[in-house]
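Enquirer: Provided below for reference: sequence and predicted model.
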Amino acid sequence: MSVNVRLSRHGTRNRPFYHVVATDHRMRRDGRFIEKLGTYDPNQEPSFIDVKEDRLQFWYERGAGLSSTVAKLLKAKNIKLERKNTNTSAAKA
């Protein structure tokens, strides 16, 4: 299963509100998701971004991809994610 971290749109017309979710890449934008990781509200000044960094790191370590919008939001919030070191040649030695 390929997991993506992306935004799911909620709110009313002309007043969007987004959930940051981990979801199977085959699911619809606002469809079923695996886990809710945070929220993003572009209507506030400045924009409100709240994410569970530990859970986001958990999914990123296990190979989840980030959508371009989520990557931009994390960069704006100065959240750095790192993949696990999976060097198999060192494990064999």
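Expert: Looks like it came in fine.

Enquirer: Now do the SS call for Lys75.
Expert: At Lys75, secondary structure determined by DSSP: H, G, I helix; E, B strand; the rest coil is helix.

Enquirer: What separation is there between it and Leu66?
Expert: 10 Å (Cβ to Cβ, to the nearest Å). (Glycine included, C-beta is placed from N, CA and C.)

Enquirer: more neighbours, these two?
Expert: Set Lys75 next to Leu66 and count neighbours by other Cβ atoms under 10 Å: Leu66 wins out with 18 against 10.

Enquirer: Can you tell me the closest non-neighbouring residue to the more buried one?
Expert: Val5 (5.1 Å; Cβ to Cβ, 6 or more residues apart in numbering).

Enquirer: Neighbouring strands of the helix or strand in which that neighbour is found in the sheet, and parallel or not?
Expert: Assessed by DSSP states H and E, Val5 sits inside strand 3-12. Partners of strand 3-12 in the sheet, by DSSP bridges, are strand 15-24 (antiparallel), strand 65-66 (parallel).

Enquirer: contact partners of that strand?
Expert: Applying Cβ atoms under 8 Å, 6 or more residues apart in numbering, the set of residues contacting strand 3-12 from outside is 16-25, 29-30, 33-34, 37, 40, 56, 59-60, 62-67, 69-70.

Enquirer: Select only the buried ones of those in PyMOL?
Expert: In PyMOL, a selection of the buried entries from these looks like this (16 or more other Cβ atoms under 10 Å):
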select buried, resi 17+18+19+20+21+22+23+33+34+37+40+56+59+60+64+66+70
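
Enquirer: Contact partners for Trp59?
Expert: When contacts are counted by Cβ under 8 Å, 6+ apart, Trp59 is found next to Val3, Val5, Ala22, Glu35, Leu37.

Enquirer: that's a strand at it, yeah?
Expert: No - judged by three-state DSSP, Trp59 forms no part of a strand; its state is helix.

Enquirer: Look up how far Gly65 lies from it.
Expert: Distance of Trp59 to Gly65, computed by Cβ to Cβ: 10 Å.

Enquirer: cool, and Gly31?
Expert: 17 Å.

Enquirer: Repeat that for Lys36.
Expert: For Lys36, the distance to Gly65 equals 18 Å [Cβ to Cβ].
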